[in-house]
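Student: any chance you could fold what I've pasted below:
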Amino acid sequence: YRSVFRSSVFPVEGKKMALQRLAALQYRMKRYTDAASSYRTYGLYYPDDTLAEIATDRSARLDVAAGRWNSAVDTWRRIADAGAATLTGREAILAMAVVLERTGRKDEACDVLLSSLRNTSGRLRAAYLYWIIRTCGDQELQSEHSLLLKGESARSFYALAIGEGSGFLDAGEERGSVPEIAVFEEDTRKGQLAGGCISVDLPSFGAFRYFAAEKISSKAADCARASIEALEMTGEKDCMRILYDEARDAGLESLCLEIAVACPGLFEEKGDYIEYLYPFAFGSAIDRFSRERGLPPELVLAVIREESRFDVSIESPAGAWGLMQIMPATGEWIGGKIGRKGVAVSDLHDPSFNIEAGCWYLRFLLDRADDSIVAALAAYNAGHGRMRSWKKRFQPHRDPFAAIELIGPSETRQYVRRVLDSMAAYERQTTR
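Tutor: Numbers count the residues shown, from 1 in each chain. Take a look at the predicted model:
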């Protein structure tokens, strides 16, 4: 691959591919310094390529993992100087600011973030605002951006941290009493809405009711989704609300969540409709097994919401099953630990066992991470072994927010943010 890249005979596309494969192979062989150099070379040689920012960011993150802070900052600065055209580039600028803060250059970190803030949105914008507040020495600017964070991203865990600190990211933190989750299950919000809903007579709606009554959840959900498509076209809000109520009564929490996400206007009269976006489902099992393992129930709810959207029968492309997305081999291993031998894939469809196994595994990870929720979530997503060196270098139990932004794999970084946002939303519901 190196010879192909250096050759004057091969076309540019062939040389690009050779350099990509060389870097990936060096990484798999754990030759991280060489891999960082190859990724950096790709960004330098092909700055206009769609993969240039990704390669440059990988190079910098490998430098960070090796403790080469200044080299990482110099590499990320190339992305900043080029305008950070992609989400990867804007993530890179955030990571650069975190490294600058860690190395005592707070003012420089704040300036970098302020110059790129206008190009951000969603969770990443919330992260930028949090780090501007943390690095900025000007109290007026701090207050201004604190108001922005609380106004634009009130449900974000970053906003929660500004108000309450990072203690909620420590599973061992002393917490106030949490209401019995089972109480929330009783609120079925039954409501037969007035007004003629023509679409209730849709064949798909009738089929949904039949399968829901017969407890054939997968078929009921398919028919409901067909009804949702029709109702979105007609704009019949009352009919959609009836569908939501009946899905909830049938225990189809994942379908309720789909409706809430697809049709936020459905709950306008409720004001803050957070309870619809973050439902308390399977409360009895979550309450029982989270208490047994000393876990915040909000953490378990958040993991289930982001892993499966409360769909008990879901299977991931990687082969993970059920509410907490347990791999069959992991389920069998956990089964042996909790005295349940001969665990089969069908057992992972059982909500109670899936939650029990997931809670046991979260406790297993927390015990190896000084009770750091950030570290446990990173390991839950990427694997305990893969995140071991990251955990050792960045000590997430001491500075969880810096550790989040310096997680290497982008998928894991996004996953941790999503779960923490969900956890913050559940925290607000149980403490209000």
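Student: okay, and for the protein, where does confidence drop off?
Tutor: Within the chain, the stretches with pLDDT under 70 are 164-167, 172-202, 231-237, 264-272, 432.
Student: longest helix in it, by residue count?
Tutor: helix 410-431 (DSSP state H).
Student: how about the CA coordinates for it, as CSV?
Tutor: Extracted in CSV, the C-alpha atoms of helix 410-431 (Å, rounded to 0.1, in the frame of the first residue of the first chain):
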residue,chain,number,x,y,z
SER,A,410,-17.5,9.0,16.8
GLU,A,411,-20.4,6.5,17.1
THR,A,412,-19.6,5.9,20.8
ARG,A,413,-19.2,9.7,21.5
GLN,A,414,-22.7,10.3,20.0
TYR,A,415,-24.2,7.4,21.8
VAL,A,416,-23.0,8.6,25.2
ARG,A,417,-24.4,12.1,24.5
ARG,A,418,-27.8,10.7,23.5
VAL,A,419,-28.1,8.5,26.6
LEU,A,420,-27.1,11.3,28.9
ASP,A,421,-29.6,13.6,27.3
SER,A,422,-32.3,11.0,27.9
MET,A,423,-31.1,10.4,31.4
ALA,A,424,-31.3,14.2,32.1
ALA,A,425,-34.9,14.2,30.8
TYR,A,426,-35.9,11.4,33.1
GLU,A,427,-34.1,13.1,36.0
ARG,A,428,-36.2,16.2,35.5
GLN,A,429,-39.4,14.1,35.4
THR,A,430,-38.7,12.2,38.6
THR,A,431,-37.6,15.3,40.6
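Student: what lies in contact with it?
Tutor: Outside helix 410-431, the residues that touch it by Cβ atoms under 8 Å, 6 or more residues apart in numbering are 88, 91, 123, 127, 155-157, 159-160, 168-169, 176, 178-179, 274-275, 277-278, 280, 296-299, 301-303, 305-306, 373-374, 377-378, 381-382, 387, 404-405, 407. Glycine gets a C-beta too; all of them are placed from N, C-alpha and C.
Student: contact partners for Arg386?
Tutor: Here Arg386 is in contact with Ala379, Pro409 (Cβ under 8 Å, 6+ apart).
Student: pretty sure it belongs to a helix, no?
Tutor: No. Arg386 is assigned coil when assessed by DSSP: H, G, I helix; E, B strand; the rest coil, not a helix.
Student: that one and Thr412: what is the separation?
Tutor: 9 Å (Cβ to Cβ, to the nearest Å).
Student: which stretches of the stretch 251-400 of the chain form helices?
Tutor: In the stretch 251-400 of the chain, the helices defined using DSSP state H, counting those that start in this stretch lie at 253-262, 274-277, 283-292, 297-308, 328-337, 345-348, 351-367, 373-382, 388-394, 400-405.
Student: export those to a markdown table and tack on mean neighbour count and distance to Arg58?
Tutor: Shown next, in a markdown table, are these (neighbours: other Cβ atoms under 10 Å; distance: least, Cβ to Cβ, whole Å):
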| stretch | mean neighbour count | distance to Arg58 |
| --- | --- | --- |
| helix 253-262 | 20 | 32 |
| helix 274-277 | 18 | 34 |
| helix 283-292 | 19 | 37 |
| helix 297-308 | 25 | 25 |
| helix 328-337 | 16 | 28 |
| helix 345-348 | 18 | 34 |
| helix 351-367 | 22 | 26 |
| helix 373-382 | 26 | 15 |
| helix 388-394 | 16 | 14 |
| helix 400-405 | 22 | 15 |
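Student: mind putting the ones you listed into JSON lines with distance to Ile228?
Tutor: Listed next are the helices of the stretch 251-400 of the chain as JSON lines, based on distance: least, Cβ to Cβ, whole Å:
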{"stretch": "helix 253-262", "distance to Ile228": "7"}
{"stretch": "helix 274-277", "distance to Ile228": "15"}
{"stretch": "helix 283-292", "distance to Ile228": "25"}
{"stretch": "helix 297-308", "distance to Ile228": "19"}
{"stretch": "helix 328-337", "distance to Ile228": "32"}
{"stretch": "helix 345-348", "distance to Ile228": "28"}
{"stretch": "helix 351-367", "distance to Ile228": "24"}
{"stretch": "helix 373-382", "distance to Ile228": "29"}
{"stretch": "helix 388-394", "distance to Ile228": "41"}
{"stretch": "helix 400-405", "distance to Ile228": "34"}
